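**Student:** A structural model of the following input is requested.
(one chain, ligands or ions: 1)
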Amino acid sequence: MIFPEDFVWGAATASYQIEGAVKEDGRGQSIWDTFSHTPGNVADGDTGDVACDHYHRYKDDIGLMRELGLAAYRFSIAWPRIQPDGEGSINPRGLAFYDKLVDELLAAEISPYVTLYHWDLPQGLEDRGGWANRDTAYRFADYAQAVHERLGDRVSDWATLNEPWVSAFLGYGNGVHAPGRRDPAYAMRSAHHLLLGHGLAARRLREGGAQRIMLVVNSAPVLTPAQVNDPSAVPDEADAAVVHRIHALLTRQFLDPAVYGTYPEEVIEAAERNGGTGHIQDGDLALINAPIDLVGVNYYNPCVVEAGPGLPADAAWPGSEDVKFATADAPTTAMGWPIVPDGLSRLLVRLSQDYPQVGLMVTENGAAFDDVLEHGRVHDAQRVAYLDGHLREVWRAIEAGADLRGYLVWSLLDNFEWAEGYRRRFGIVHVDYGTQTRVPKDSALWYRGVIGRNGL
Ligand SMILES: N=[N+]=NCCCCNC(=O)[C@@H]1[C@H]2[C@H](O)[C@@H](O)[C@H](O)[C@@H](CO)[C@@H]12
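**Tutor:** Residues are numbered from 1 along each chain as shown. Coordinates of the predicted model:
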């Protein structure tokens, strides 16, 4: 299986998950600093205070990327390093770090893919309502413009947001993520304001001459248990309705406004039942519908649903009250997520058909397994099998006509896995957090071969 000649092979990380140095060079506090330091929120009381110490080790990490033959590296910029309180003057030392990072990547002939927001909102903005406050969307656009003005001469690929669904519904809905708020109306408002921030920022980036702009979403094929292993299975009417609605709430809620400037009716209905639609102002959808070049797809597993009793009220997301989230008849990763490789090709083909105007890139795909470092090696055969299986599906989606531009494995390094802390390892490179020693796992060596052959 040989991929297109210009197919982009890379890896992805995020600022709060790898940088550490949370009080260095004028960095302000983020909602994840607050959340992780609040007892009970993160497994084992872990925080991102040190993480992979990437802030100090970025040159060596880029050397690792070069040895693996990566063509691209997706990283996020910590907004609190750029504007410690989320607005106003720019912190030159914060911006200088990313300036050096970009130059080091270019010197290693690695293309920088910048994510402007990967969940570490400045705490000052959260104190003023966070994403539930419409003004945050405008502050995000200001921040995006300031970063692009400094890096736009060397960075061609820009993602505005990473997974707005997670920011809104895990951050403001069920509180599993920062800022840990549990209010379905706030979640609906936050989803809209995140999208508004995307649209406003995308316009500023385009005005500044950005070459490629993308919105990165966590997405999944929404399937009934029978459909997981039998694509020809026909759901009954109740299950079909639930599948349609959850697809609208998980994926279309974000891609329809961004690509078409419309909301699915299921989103309006969910908002009407959770605080109303007063936050959706005339003209907002036109602002959100800023032209983008790509959709970044983060895929881990399918979303398996059937009609039935929903999650408990404090865990349900608006619109999912009568939805039973089912298990798939499939092996699982250390996160308990089902391993269903063809879910990726089914998703990519569906997105290419629903949004033919934009290209696609797999901006995250990977798995956590209970890795063991022994005699200086990590024989992570399960991760090799996971990546191999999913890459075969990426190839199949391309063969089926999807405009797939590249694949970025999640993640380059073991890192701070949000509410799971450091107990879950997604990296193709092992990190010993006590010594900060990096050891490429077998999956990294395997991935290097895939890149060298441009295929499987
Ligand atoms: N069932 N189930 N769940 C599917 C996943 C729920 C949404 N979480 C993600 O997609 C996060 C994405 C994030 O960008 C990255 O920062 C995270 O480290 C990875 C791994 O967690 C993934």
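**Student:** name the residues of the stretch 151-300 of the chain found near the ligand, please.
**Tutor:** Contacts of the stretch 151-300 of the chain with the ligand, taken as C-beta under 6 Å from any ligand atom, map to 162, 163, 166, 218, 298, 300. Using the backbone N, CA and C atoms, a C-beta is placed for each residue, glycine as well.
**Student:** show only the entries of those found in strands.
**Tutor:** 162, 218, 298 (DSSP state E).
**Student:** which bits of the stretch 1-150 of the chain sit near the ligand?
**Tutor:** So far as C-beta under 6 Å from any ligand atom goes, the stretch 1-150 of the chain lies against the ligand at 14, 17.
**Student:** chain neighbours aside, what residue packs nearest to residue 166?
**Tutor:** Among residues not flanking residue 166 along the chain, residue 218 sits closest, at 5.9 Å (C-beta to C-beta, 6 or more residues apart in numbering).
**Student:** rewinding a little: now pLDDT and neighbour count too, for the ones in strands among the residues of the stretch 151-300 of the chain next to the ligand, in TSV please.
**Tutor:** Below are those laid out as TSV (pLDDT from 0 to 100; neighbours: other C-beta atoms under 10 Å):
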residue	pLDDT	neighbour count
162	98	24
218	97	20
298	98	21
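**Student:** got phi/psi on residue 332?
**Tutor:** phi -130, psi 160 (degrees, to the nearest 10).
**Student:** in a helix, residue 81, correct?
**Tutor:** Yes. Remark: residue 81 belongs to a helix, assigned using DSSP: H, G, I helix; E, B strand; the rest coil.
**Student:** correct me, but it touches residue 90?
**Tutor:** No. The criterion here is C-beta atoms under 8 Å, and residue 81 misses it with residue 90 at 9.9 Å.
**Student:** more neighbours, the two?
**Tutor:** residue 81 (28 against 16; other C-beta atoms under 10 Å).
**Student:** which ones are touching the residue nearest to residue 166?
**Tutor:** Shown in contact with residue 218 (C-beta atoms under 8 Å, 6 or more residues apart in numbering): 163, 165, 166, 250, 298, 299, 300, 364.
**Student:** before we move on, what about residue 455?
**Tutor:** Counting by C-beta under 8 Å, 6+ apart, residue 455 has contacts 1, 2, 3, 395.
**Student:** neighbours around the last one, how many?
**Tutor:** One way to gauge burial is a neighbour count; for residue 395, by other C-beta under 10 Å, it gives 20.
**Student:** what pLDDT is listed against it?
**Tutor:** On the pLDDT scale, residue 395 is placed at 98.
**Student:** what of the third one?
**Tutor:** In this model, residue 3 is scored at 98, pLDDT.
**Student:** that one: neighbour count?
**Tutor:** With other C-beta under 10 Å as criterion, residue 3 counts 21.
**Student:** for residue 404, see how far away it is.
**Tutor:** Separation of residue 3 from residue 404 (C-beta to C-beta, to the nearest Å): 8 Å.
**Student:** same thing with the first one?
**Tutor:** Distance of residue 1 to residue 404, computed by C-beta to C-beta: 13 Å.
**Student:** distance of the residue of the stretch 151-300 of the chain found nearest the ligand from residue 123?
**Tutor:** Residue of the stretch 151-300 of the chain nearest the ligand, by C-beta to the nearest ligand atom: residue 218 (3.8 Å). Going from residue 218 to residue 123 by C-beta to C-beta gives 24 Å.
**Student:** with residue 286 instead?
**Tutor:** 32 Å.
**Student:** ok, the two, which is more surrounded?
**Tutor:** residue 123 (23 against 11).
**Student:** surely the more buried one is in contact with residue 30?
**Tutor:** Yes. Using C-beta under 8 Å, residue 123 is in contact with residue 30, at 6.1 Å.
**Student:** so what sits against both of these two?
**Tutor:** In contact with both residue 123 and residue 30: residue 80, using C-beta under 8 Å, 6+ apart.
**Student:** give the next helix or strand downstream of the helix or strand hosting residue 324.
**Tutor:** In this structure, residue 324 sits in strand 323-325 according to DSSP states H and E. For strand 323-325, the succeeding helix or strand toward the C-terminus, using DSSP H and E, is helix 342-354.
**Student:** pull up the pairing partners for the helix or strand just after that following helix, direction included.
**Tutor:** Next along the chain after helix 342-354, taking DSSP H and E as the criterion, comes strand 359-364. When sheet partners are counted by DSSP bridges, strand 359-364 sits next to strand 294-298 (parallel), strand 404-410 (parallel).
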